[in-house]
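S.K.: any chance you can model this:
(chains A, B and C)
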Amino acid sequence: MRSRSLGANGMASRSHSRARREATLAYIMLGPSLLIFGVFVFFPFVKNFTYPFYSQSTAAGFGAFGGAAKSKWVGWSQWHAVLTSRDFWHSAWVTFQFVVLTVPVGIGLGLFLAVVAHQRLRGITIFRTIFSSTVASSAAVASTIFFSLVGTESGLWKLRIHGHGVLDDKTWALPAIALVAVWQSLGLSFIVMSSGLQSIPDDLLEAARVDGAGSLRRFWKVTFPLLSPTMFFAFVVGSISAFKTFAEIDLLDPIGKETGGTSLLAYQVKRLAFDGESRTGQAAIFAVGLFVIVLLLTVVQMRLERRVHYAR
Amino acid sequence: MRASTVRLLARYAVLTALAALIIFPIYITIVNSLMRPAALANGPAWWPSHPTFSNYTAAWTDARMGRYLFNTTVVTVAITSMQVVTAVLGGYAFAFLMFPLRRVMFVVYLATLMIPGEVTIIQNVATIRSFGWYNSYAALIVPFVATGFGAFLLRQSFLTVPRDLHDAATLDGYGHWRFLWRVVVPISRPAIGAMALFAFLGAWNQYLWPLLVTADDRYRTVQIGLKQLRGQNLSNVTVVFAGTVLAFLPIALLLLAFSKQLVRGLTAGAVKG
Amino acid sequence: MKRLITFAATTALLVGGCGGSSGDKTAVTKSGAGVTTTSVDRVLLAKDCSTTSFAAATKPVRITYWHSQSQSNLTELQHITTEFNTSQSDVFVTLQDQGGADETLTKYKNVAGTSDAPDLLQLNETSLQTMIDSKAIIPAQACIDATKADLSDVLPRVHDYYTVAGATWAMPFNVSQPVLLFNKTAFRNAGLDPEKPPTDFATLSQIAAVLKSKGGVKFGFQYKRDSWVLEQFLALAGEPYVDHNNGRSGRAATAVFDTPVAVKVLTSLQSLVKQGIATTNAADGPEGFSNLIGICNGDNAMTIDSSAVLATAYDTLAKGQCKVKVDVGVAPLPLPSGANLGGTLVGGGANFIARPAVGDTASPKVLAAFKFAQYLTTAKIQAEWAAGTGYIPISKGAASEPALTAVWAAKPGYKVAYDELANGVQNTATAEPLIGAYKDVRTAMKTALESLFLDKVDPKRVLQLAIAGANKAISDYNAANQ
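M.R.: A predicted model of the protein is given here:
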């Protein structure tokens, strides 16, 4: 970060009124955003921690009539019930498995494609465009394509395992969804890795070549270490978004999405809060779980980013 | 054949194989979206032998994909343009202005990046209800008009504006607004473009939130529309294919046109030095 | 505000054995077994359905109807609605497809009591207790009393399901029954008599095995893992699903479906799958139709599904999109044992009248919504509806309407479901269970069925799992609604 703060020089020389004008201007510029953050980020965030202390009656979930229905204070009982439940920890475990299945594979494939496409060839732009093409797809598009191709009886090819569909198989449903997620994020992964690769000075690789290093050795000794900050970034950002996976589950409707092998945390938040009987208190605790994970990842990222900076 | 020619051909072969593998799902989707449903009774089509656009008509009108695309466009354009404005203002304030609680405000912006949407949805849906905004464009747009990430990105870029320019502008009697509008924004256009594209993609691909706050065709977005489409056409997979292409194509064309900004936007922060 | 409190009291009193305070709209009586029953005070209720405001309102009164019919059933509903709109000028109905009954409920929760709320909504039969507890609907009884409507033409078993605490809470409309669907062509290929489909579990297994080996299909039978079907099997055996007489004499507290009959049903279905004779598919979501499309693709030759899919199935066949030759046969649900000891349950859904926005005490839309809901129960419309969809006519008179008798003569499959319901006896086992957390109870059973078929878990253990899940859901619900 370039520390070029305006504060150090000249602050004292400014007149008091000018400083006040500047402060007013700053808050005019930040005001609208702060209002939005307050209403739609910080207030609901804080409020989320209060939900688990109440049990909500059915009537409380019904729109404008809900206000008249009382929520009942239940103390820590819901926290205790959820945090000691198999469903919560299983969901966290499944989500972790999903992240492990998607993120390293996605980064690895992206890196592989980037290396393959990192050569001077006629028409390489076409290949690069194709490699990055899935960036135009969304989770919904990718899921719908996968589903229509192999996920359903009316699709083009129904993928069967032991007689039932792949999304109906307890073992293979999660890997199948991971495949969809990896394909969907491949374009992004490729673009990120390619830029990282392009930022490596050619003379470094050239020097290694002159020293007699083979292409594999050049990759491991020069390219890979220089790419590691990029990969680390991709790993953290990719993990955060993988932990929040929702659309694939909602669209592909795999077996075990309620409490089984595909019960990802974000889906549980939505399911418990909005489907069937609204269990907002339980849902809020699942949401807190998700928050803690994202927080840890962000902190790790910031720590390491700082280290990277100091290293430079 | 010379060894180098063989190597060259091998390189192309590898590239082509990988490209085919990646593009295959999209290719087969497009091909089969052009087939009559009955033509698939004997298996999938590998080539559009007698192409028809009837599936597209069905998806566009019967399945209301046209309306969903319109809604998504309205929402996405609104979110993107407003995010650009708030991010430019925020970025400018943090880069060029001194004000009380500056550090605190900076942390506030930073904090928004650490709070995942899932933690706020329960109350946010309730808030939207209480505003009477359920099933409206306001519900889809307003919560997203401010962006901590965008403000950061632009602050980083604004900090690279040479200090001399600021001094010169001040000497010329430029106020902050004029300096922002005449100097900072033009110089930072690439960064703003990248940030805008990033915002655009994020808004276009939203899924969970629109699912929770829309109820009918008037406001349903195209991503949610895909779920609706599939539900209504369980036995007409060709219509689902056509609808998927409709959801995919606009963004693909847009990205082709703005590929530079895309790379910049997506890799912002990833590649340093 | 006062009304809300009294409604809270009304519904709180439905909790069995809990007793409690009496609201001014309800009267509590203790019956023999210490079970509390309640009845709703009709006089106060009638004020919710204002005839005077309807009479005074500018015509037509425009109402919105949320439904979740699709495919052929949607076409039929649109047709009926247009008929209604043109037949009179007092009420004009606009249809809004919500994509599914669950979606309808979720969305209604968001808009109840606001200007975005519909005036009439179609929900699954499983939503009944939730809607009673929601205080967000006007009981149909209010309008029945206000207009002195005569519902005697509605099949008593159907009407009874929606009657709780002496009041009719919703207007039945789309009632379906589970039926056995099979491909007669596959029967012929296998040398079986297509006019003799299996009537009990023993023959179902035998026939499925023959179909698999000689019928040219991958599986003789495909079971959709729907907890609804198991509820039906138990009802056929004359056994209740939850305690307190299926939740009819007090709020259900415990699931009681772990009976020998249930074990028998699950054991024989599991053994079919273990032998590779049968396969299963998920009951909801996109996989929910795999069993039907599978017949069309030649993957299976028999399945169990709701009669509501009949019209769509026939229409799909007519389009010639099937990969194999299909001649659809329809038969009653096979009996778990030799004899019919009960009867199938009233499945499907009903129309609930939305409570108008807070403060809008005399909305003419309540009566307008009721008028349309009532129109949908009439003999002529029910005949048309049943003929065009496969739902069963809930009006006694519909059975003799020419529109329906003609279809029944041409396609006897349409009549199977009607006979099933008509042949059933009326007792607590066949009165569909009234459960607060019905959807969660079904999810518990669904998860248990997954372990039965996919992990080959012992049927007894499967039922224990389902009971545990169901009881937790019920106790959570009851605790929140005490």
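S.K.: got the residues of the stretch 51-200 of chain B near chain C?
M.R.: B:125, B:129, B:132, B:134, B:135 (C-beta under 8 Å from any C-beta of the partner chain). In short, each C-beta sits where N, CA and C put it, glycine included.
S.K.: sort out for me which of the residues you listed are in strands.
M.R.: Applying DSSP state E to these, no entry is found in strands.
S.K.: now list the buried members of the residues you listed.
M.R.: B:125, B:129, B:134, B:135 (16 or more other C-beta atoms under 10 Å in any protein chain shown).
S.K.: which residue is the nearest non-sequential neighbour of the third one?
M.R.: With sequence-adjacent residues excluded and distances taken as C-beta to C-beta, 6 or more residues apart in numbering or on different chains, residue B:134 is closest to residue C:110, at 4.9 Å.
S.K.: isn't there a helix covering the one you found?
M.R.: Yes. Looking at residue C:110 with DSSP: H, G, I helix; E, B strand; the rest coil, it is inside a helix.
S.K.: that older thread, pull the most distant pair out of the residues of the stretch 51-200 of chain B next to chain C.
M.R.: Farthest pair in those (C-beta to C-beta) is B:125 and B:132. Separation: 13.0 Å.
S.K.: show me where the stretch 251-400 of chain C has its helices.
M.R.: Here the stretch 251-400 of chain C has its helices, by DSSP state H, counting those that start in this stretch, at C:260-274, C:290-297, C:310-318, C:364-375, C:379-389.
S.K.: what does the stretch 1-150 of chain A put close to chain C?
M.R.: A:55-59, A:61-66, A:68-69, A:72, A:147.
S.K.: hmm, try it at 10 Å
M.R.: Proximity of the stretch 1-150 of chain A to chain C, by C-beta under 10 Å from any C-beta of the partner chain, involves residues A:54-72, A:74, A:77-78, A:81, A:85, A:144, A:147-148.
S.K.: circling back to that earlier point, among the residues of the stretch 51-200 of chain B next to chain C, which are located in helices?
M.R.: Mapping those onto helices (DSSP state H) picks out B:125, B:129.
S.K.: which residue is the nearest non-sequential neighbour of the residue nearest to the spatial centre of chain A?
M.R.: In chain A, the centroid-proximal residue (C-alpha atoms, centre = their mean) is residue A:241; its distance is 0.7 Å. Closest residue to residue A:241 apart from its sequence neighbours, by C-beta to C-beta, 6+ apart: residue A:185 at 7.9 Å.
S.K.: now residue B:140, nearest residue through space, not along the chain?
M.R.: Nearest to residue B:140 is residue B:75, by C-beta to C-beta, 6+ apart, at 4.6 Å.
S.K.: tell me how many other residues surround the nearest residue to residue A:41 once chain neighbours are set aside.
M.R.: Nearest residue to residue A:41, sequence neighbours excluded (C-beta to C-beta, 6+ apart): residue B:112, at 5.2 Å. Burial measure for residue B:112: 20 neighbouring residues, criterion other C-beta atoms under 10 Å in any protein chain shown.
S.K.: related to what we said a few turns ago, the helix or strand containing the residue nearest to residue A:241 packs against which elements?
M.R.: Per DSSP states H and E, residue A:185 falls inside helix A:173-198. Counting by 3 or more C-beta pairs under 10 Å, 6 or more residues apart in numbering or on different chains; DSSP states H and E, the packing neighbours recorded for helix A:173-198 are helix A:86-117, helix A:124-131, helix A:139-146, helix A:224-243, helix A:247-252, helix B:3-33, helix B:259-267.
S.K.: hmm, try it at 7 Å
M.R.: helix A:86-117, helix A:139-146, helix A:224-243, helix A:247-252, helix B:259-267 (3 or more C-beta pairs under 7 Å, 6 or more residues apart in numbering or on different chains; DSSP states H and E).
S.K.: identify the residues contacting residue A:213.
M.R.: Neighbouring residues of residue A:213 by C-beta atoms under 7 Å, 6 or more residues apart in numbering or on different chains: residue A:221.
S.K.: mind checking which helix or strand the residue in chain C positioned nearest to chain B is in?
M.R.: Nearest to chain B in chain C, going by C-beta to the nearest C-beta, is residue C:107, at a distance of 4.5 Å. Assigned by DSSP H and E, residue C:107 belongs to helix C:101-111.
S.K.: quickly run through the sheet partners of the following helix or strand past that helix, with directions.
M.R.: Next in sequence after helix C:101-111, counting helices and strands by DSSP H and E, comes strand C:120-124. In the sheet, strand C:120-124 lines up against strand C:61-67 (parallel), strand C:349-354 (antiparallel) (DSSP bridges).
S.K.: buried set for strand C:120-124?
M.R.: In strand C:120-124, counting by 16+ other C-beta under 10 Å, buried: C:120, C:121, C:122, C:123, C:124.
S.K.: circling back to that earlier point, in TSV: the buried ones among the residues of the stretch 51-200 of chain B next to chain C, plus distance to residue C:371 and pLDDT.
M.R.: TSV is the format used below for these (distance: C-beta to C-beta, whole Å; pLDDT from 0 to 100):
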residue	distance to residue C:371	pLDDT
B:125	33	92
B:129	29	87
B:134	28	88
B:135	26	89
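S.K.: host element of the residue most central in space within chain B?
M.R.: For chain B, residue B:201 is the residue whose C-alpha lies nearest the centre (C-alpha atoms, centre = their mean; 0.8 Å). Residue B:201 is located in helix B:189-204, with elements delineated by DSSP H and E.
S.K.: now the helix or strand following that helix, how far from the chain's geometric center?
M.R.: Using DSSP H and E, the next helix or strand after helix B:189-204 towards the C-terminus is helix B:208-213. Remark: helix B:208-213 is offset 16 Å from the chain centroid, using C-alpha atoms, centre = their mean, to the nearest Å.
S.K.: helix B:208-213 near chain A at all?
M.R.: Yes. Counting by C-beta under 7 Å from any C-beta of the partner chain, chain A has neighbours in helix B:208-213: B:208, B:212.
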